[in-house]
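Novice: Structure here, sequence nowhere to be found:
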């Protein structure tokens, strides 16, 4: 699960970075800033997934 989340995060990172390099202006700025929100959501999702797996093995 962690590797899958890491791969999704890396793909999003590369997509956002390349889009902000290709486009100049407000859209690029919005994409670049929204990346941090998406990255945070992915980290929370990863931790929640790991906790769910850990919790299911405990019971």
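Specialist: Thanks, I have it. The structure displayed is predicted, hence computed values, not measured ones. Residues are numbered from 1 along each chain as shown.
Novice: The lowest-mean-pLDDT helix or strand in the chain - contacts with which helices or strands?
Specialist: Sorted by mean pLDDT, DSSP states H and E, the helices and strands of the chain end with helix 2-22, the least confident at a mean of 79. Packing contacts for helix 2-22, counted by 3 or more CB pairs under 8 Å, 6 or more residues apart in numbering; DSSP states H and E, involve helix 26-58. To be clear about C-beta, it is placed using only N, CA and C from the backbone, and glycine gets the same treatment.
Novice: just to revisit the earlier point, contacts for the least confident helix or strand of the chain?
Specialist: 28-29, 31-32, 34-35, 38-39, 42-43, 45-46, 49-50 (CB atoms under 8 Å, 6 or more residues apart in numbering).
Novice: show me the contacts for residue 56.
Specialist: Neighbours of residue 56 in contact, by CB under 8 Å, 6+ apart: none.
Novice: Would you quantify the distance from it to residue 49?
Specialist: For residue 56, the distance to residue 49 equals 11 Å [CB to CB, to the nearest Å].
Novice: What is the neighbour count of the nearest residue to residue 23 once chain neighbours are set aside?
Specialist: Among residues not flanking residue 23 along the chain, residue 31 sits closest, at 7.7 Å (CB to CB, 6 or more residues apart in numbering). Using other CB atoms under 10 Å, residue 31 has 16 neighbouring residues.
Novice: cool, the one 10 residues further on as well?
Specialist: By other CB under 10 Å, the residues close to residue 41 number 11.
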